[in-house]
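A.B. asks: What shape does this take:
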Amino acid sequence: SSVPRLRDIVLDHEAPERWEAAIALWKITQNTEDLLSVLESFVKDSKSLRNGDPRYEILFSAVETFGEIGDVALSSLSEFLTYENNGLRLKAYLEVERLLPTNPQLRSVVESLIDDSYIAIRLRAQKALSLFDAKR
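C.D. replies: All right, here's what the predicted structure looks like:
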């Protein structure tokens, strides 16, 4: 019963809760096209957000949602790996790592992180690749 109202909010480009509504709508309908169009624009517009900005927390939810969506959202998920905030980058990396066993094309993404400036990502990428290669 909340789907029509959530869709109205998602379509309202001025609604501050648009991003949260898009995530909620996806959780109900599992329609990735609507969600991706809204969240991908948010991801592009959010690169300049500061840590104190309340909208910044939405990015953490977006990372989880992109991870749940999987293959269709990989480009957006990979975009988070270019952000400055290491916590957000690590969260995005963990989603990529989780998807790696069923998405071998992600190996190149993980390979690009074996020399990452953030040690937590660098060490996890190195370990993930060695485990991935050992299973092959």
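
A.B. asks: in this protein, which residue is closest to the centre?
C.D. replies: Centrality entry for the chain: nearest residue to the mean C-alpha point is Val63, 2.8 Å, by CA atoms, centre = their mean.

A.B. asks: mind checking pLDDT for it?
C.D. replies: Val63 is assigned 88 on the pLDDT scale.

A.B. asks: repeat for Arg136
C.D. replies: Arg136 is given a pLDDT of 66.

A.B. asks: Could you do Leu99 as well?
C.D. replies: So, for Leu99, pLDDT stands at 90.

A.B. asks: Output the contacting helices and strands for the helix or strand hosting it.
C.D. replies: Per DSSP states H and E: Leu99 is located in helix 86-99. Counting contacts by 3 or more CB pairs under 8 Å, 6 or more residues apart in numbering; DSSP states H and E, helix 86-99 is packed against helix 56-69, helix 74-80, helix 107-111, helix 119-135. Placement of C-beta: from N, CA and C, glycine included.

A.B. asks: Pull the number of nearby residues for the residue nearest to Leu106 when sequence neighbours are not counted.
C.D. replies: Distances taken as CB to CB, 6 or more residues apart in numbering place Leu100 nearest to Leu106, at 4.9 Å, with adjacent residues excluded. Leu100 has 19 neighbouring residues, counting by other CB atoms under 10 Å.

A.B. asks: Could you do the one 4 residues further on as well?
C.D. replies: Counted with other CB under 10 Å, residues neighbouring Pro104 total 10.
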